[in-house]
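K.L.:
Pasting the sequence and the predicted model now:
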Amino acid sequence: YPTLQVRQSSVPVRYTVLLEPLASDAIFLVPRALRVRGRFAVTVSRPGVAPSSGQLGMDQTGSVFNPYGNYTKLRYEGMSLVPAFPAEQLRAASEDYPEVVRAPYLQLPRLDPRIAQLSAQVTRGARTAYDKAAAIEQHLRTQYGYTLDLSGRPGEDPLAYFLFEKRAGHCEYFAAAMTVMLRTQGIPARYVNGFLPGEYNDVGEDYIVRASDAHSWVEVYFPEYGWITFDPTPPAEE
């Protein structure tokens, strides 16, 4: 349950979602969801599927799922506390990460050694985890380009190919790069998939979120503050 400090430094958001049928059991919520209310059960009998009482599931990452699948239109309401911590607070955060965070979110595969070297170079002079995250985010946003052209041969290490040869890619490359670069510096980070806010509809006074608004970004862990969003992807030229 959110501490008083988290509540005071967060923006409360109440919202209603109309979710079209899609091939995912994910329930999409604004970050730091406190509660969600809707009718998620299978209420109409289909061959082999009996009506059921509604419930949602949550995994260890905090992702929320509908165990009955999103086979029909769903309408649900949510209440979230969107983090709005000043940079000064995050700079002062402890770097004593609990083992439950360290174990999964500092894991790394075998890497091209240049990746750790680049990470150390980019974060040189940054004294806090927040400043290191901000430095890597800024480096990727300003020194690389956005493209959907994935031509070329990435070889056995697509991340090294992106960072040192192609130097351009889409959001998945940028989010993966920042996550790995942070982990080489001992900072817990995770790769996140979701959607951007979409297009505002003046008539309905709502936001239309399409498949083209799908996006990947990064969350960095700060003790006492939780997971904080960073987005290293530069804007597309258009």
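P.N.:
It's in. Residues are numbered from 1 along each chain as shown.
K.L.:
quick one: low-confidence parts of this structure?
P.N.:
In the predicted model of the chain, residues 1-7, 42-53, 237-238 satisfy pLDDT under 70.
K.L.:
That one: helices as residue ranges?
P.N.:
Using DSSP state H, the helices of the chain run over 4-8, 87-91, 99-105, 113-122, 129-143, 158-161, 171-184.
K.L.:
looking at those, which is buried most?
P.N.:
With neighbours defined as mean count of other Cβ atoms under 10 Å, the helices of the chain peak in mean count at helix 171-184, which reaches a mean of 23. Heads up, the C-betas are built off the backbone N, CA and C, glycines and all.
K.L.:
got the angle for that one vs helix 129-143?
P.N.:
Taking axes from the mean of the first three to the mean of the last three Cα atoms, to 10 degrees, helix 171-184 and helix 129-143 form an angle of 140 degrees between their directions.
K.L.:
rewinding a little: quick one: the helices of the chain as TSV, columns for distance to V203 too.
P.N.:
Compiled in TSV, the helices of the chain are given as follows (distance: least, Cβ to Cβ, whole Å):
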stretch	distance to V203
helix 4-8	35
helix 87-91	38
helix 99-105	43
helix 113-122	45
helix 129-143	34
helix 158-161	43
helix 171-184	29
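K.L.:
quick one, which of those helices is nearest to V220?
P.N.:
Nearest of the helices of the chain to V220, taken as Cβ to Cβ: helix 129-143 at 4.8 Å.
K.L.:
For the closest one, which outside residues touch it?
P.N.:
Helix 129-143 has contacts (Cβ atoms under 8 Å, 6 or more residues apart in numbering) with 87, 90-91, 93, 95, 119, 122-123, 126, 167, 174, 177-178, 181-182, 185, 187, 189, 218, 220, 222, 230-234.
K.L.:
CA atoms only for it, dumped as CSV, please.
P.N.:
Output in CSV follows, covering the C-alpha atoms of helix 129-143 (Å, rounded to 0.1, in the frame of the first residue of the first chain):
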residue,chain,number,x,y,z
ALA,A,129,21.9,5.9,-9.8
TYR,A,130,19.4,8.5,-11.1
ASP,A,131,22.2,10.5,-12.8
LYS,A,132,23.6,7.4,-14.4
ALA,A,133,20.1,6.5,-15.7
ALA,A,134,19.5,10.0,-17.0
ALA,A,135,23.0,10.0,-18.7
ILE,A,136,22.3,6.7,-20.5
GLU,A,137,18.8,7.8,-21.5
GLN,A,138,20.2,11.1,-22.9
HIS,A,139,23.1,9.4,-24.7
LEU,A,140,20.7,7.0,-26.5
ARG,A,141,18.2,9.7,-27.4
THR,A,142,20.8,12.1,-28.9
GLN,A,143,23.5,9.9,-30.3
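K.L.:
how much does that helix deviate in direction from helix 113-122?
P.N.:
For helix 129-143 against helix 113-122, the angle between stretch directions is 110 degrees (the same axes, to 10 degrees).
K.L.:
isn't A214 right up against N193?
P.N.:
Yes - taking Cβ atoms under 8 Å as the contact criterion, A214 and N193 are neighbours in contact, 7.3 Å apart.
K.L.:
For this structure, just list every one of the strands.
P.N.:
Assignment of strands within the chain using DSSP state E yields the ranges 10-19, 33-38, 57-58, 64-65, 74-83, 145-146, 168-169, 189-195, 199-201, 206-208, 214-222, 226-230.
K.L.:
Show me what the third one pairs with in its sheet, parallel or antiparallel.
P.N.:
Okay, so that is strand 57-58. Neighbouring strands of strand 57-58 in its sheet, by DSSP bridges, are strand 64-65 (antiparallel).
K.L.:
Just give me how far the partner strand sits from the chain centre.
P.N.:
Its chain's C-alpha centre lies 15 Å from the corresponding centre of strand 64-65 when counted by Cα atoms, centre = their mean, to the nearest Å.
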